[in-house]
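Engineer: Build me a structure from this.
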Amino acid sequence: MHALITGVTGQDGAYLSALLLGEGYQVTGTSPRRSSDNSNLRRLMEVGALENHKFKYDTMDVTCASSVDAMITSQHFDVIYNLAAQSYVAESFVSPLATTQINYNGVLNLLESIKKFSRETRFYQASTSEMFGLVDCEAQNEDTKFHPRSPYGVAKCAAHYAVQNYREAYGMYACSGILFNHESPHRGIEFVTRKITDGVAKIVSKQRMDISLGTLDSQRDWGHARDYVRGMHMMMTQDRPEDFVIATGVTHSVRDVLEIAFSHVGLDYRDYVEQDARYMRPSDVPILCGDPSKARSKLGWEPTVDFEDMIKEMVDFDLFRHNVDPLKYFLTGGSADAAANR
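Structural biologist: Take a look at the predicted model:
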């Protein structure tokens, strides 16, 4: 089996590459351009994908139809996972056109190319809980109406409906995973969970004194990316294509993240966190909570990583990245100097 993963250098791309390689797949991963250094390949190196002889890294820009066609016709792909996106919600308010170009037009380019050249290829689209936006129900499932509150959510909604249309109109195996927030040590620094865990590590290592955040009351259904890419793979191995919500069914606030992250290193977040209006969104989504009942019953999918354990894992990863050995830190009673990873 040969898989193409677009946006492979991101958190999900790295975890999905490792999963598929472990299943014996040949994997081709793409991003818009090759970097002059290995900084954008860091995640792939950390999960061991780059050193696997069945993994190939290549260039493809999903916003360029000719680039997509050249890739699709160059070799046969059994499955394509589209993870390419401008995935930072705050940035979508600043760059709505660029966000739409990547998150919607890019999906159309892939679907059209598959329709023209490789109709038997299975296609996965990374949809998002941000499509639900302003919700009017306690938990969101596959039938909940969309009310996006950001250009990111709007573009993802359009792409989601495009996948549905190509599935129904052309009989393609095309499905979408409506994934709720999923985190890990490989999450981008710009996302709030990682901003917090990286900030904690910098405070411990005396590189900074505080963290500036927007609202602390937003609630999200947070799970681990490793669990969520497993859900993606399960969707693509079904007899027929269907859309699935992947979520834990439990919400936590930004304050909860702060409490766990700071308490893990023996600190009180209230001494180090300030709210800054610059990080408030023009229209925010106060709460999102997924209902993964369909994924549980039809896929047999279940989350395996506890929320608190996930946040602690991220803090430990960032401590080590900032030259503080987590184990030594705890054994020495919270001394960053004694725990310096030198």
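
Engineer: For the rest of this, base every contact and every neighbour count on C-alpha atoms.
Structural biologist: Fine.

Engineer: Secondary structure element holding the spatially most central residue of the chain?
Structural biologist: Nearest to the geometric centre of the chain sits Asp12, at 5.1 Å (C-alpha atoms, centre = their mean). For Asp12, the host element (DSSP states H and E) is helix 11-22.

Engineer: after that helix comes which helix or strand?
Structural biologist: Next helix or strand after helix 11-22 toward the C-terminus (DSSP H and E): strand 26-31.

Engineer: what's that following strand packed up against?
Structural biologist: Packing contacts for strand 26-31, counted by 3 or more C-alpha pairs under 8 Å, 6 or more residues apart in numbering; DSSP states H and E, involve strand 2-6, helix 11-22, strand 55-59.

Engineer: at 6 Å instead, please
Structural biologist: Counting contacts by 3 or more C-alpha pairs under 6 Å, 6 or more residues apart in numbering; DSSP states H and E, strand 26-31 packs against strand 2-6, strand 55-59.

Engineer: Let me know the average pLDDT across the longest helix along the chain.
Structural biologist: For the chain, the longest helix by residue count, based on DSSP state H, is helix 151-170. On average, the pLDDT along helix 151-170 is 98.

Engineer: okay, that helix in CSV with CA atoms only?
Structural biologist: This file holds the C-alpha atoms of helix 151-170, laid out as CSV (Å, rounded to 0.1, in the frame of the first residue of the first chain):
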residue,chain,number,x,y,z
PRO,A,151,-12.3,32.4,8.2
TYR,A,152,-10.6,29.2,9.0
GLY,A,153,-13.8,27.5,10.0
VAL,A,154,-15.6,28.9,6.9
ALA,A,155,-13.0,27.5,4.5
LYS,A,156,-13.0,24.1,6.3
CYS,A,157,-16.8,24.0,6.0
ALA,A,158,-16.6,24.6,2.2
ALA,A,159,-14.0,21.9,1.9
HIS,A,160,-16.0,19.5,4.0
TYR,A,161,-19.0,19.9,1.7
ALA,A,162,-16.8,19.6,-1.4
VAL,A,163,-15.7,16.1,-0.2
GLN,A,164,-19.3,15.1,0.5
ASN,A,165,-20.2,16.3,-3.0
TYR,A,166,-17.5,14.4,-4.8
ARG,A,167,-18.4,11.3,-2.8
GLU,A,168,-22.0,11.5,-3.8
ALA,A,169,-21.6,12.8,-7.4
TYR,A,170,-18.7,10.6,-8.6
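
Engineer: roughly how far is that helix from the heart of the chain?
Structural biologist: 18 Å (C-alpha atoms, centre = their mean, to the nearest Å).

Engineer: after it, next one along is what?
Structural biologist: Later in the chain than helix 151-170, the nearest helix or strand by DSSP H and E is strand 174-179.

Engineer: Residues touching that next one, excluding its own?
Structural biologist: Here strand 174-179 makes contact (C-alpha atoms under 6 Å, 6 or more residues apart in numbering) with 123-129, 167, 241-246.

Engineer: Out of those, which sit inside strands?
Structural biologist: Under the assignment DSSP state E, those contribute 123-128, 244-246 to strands.
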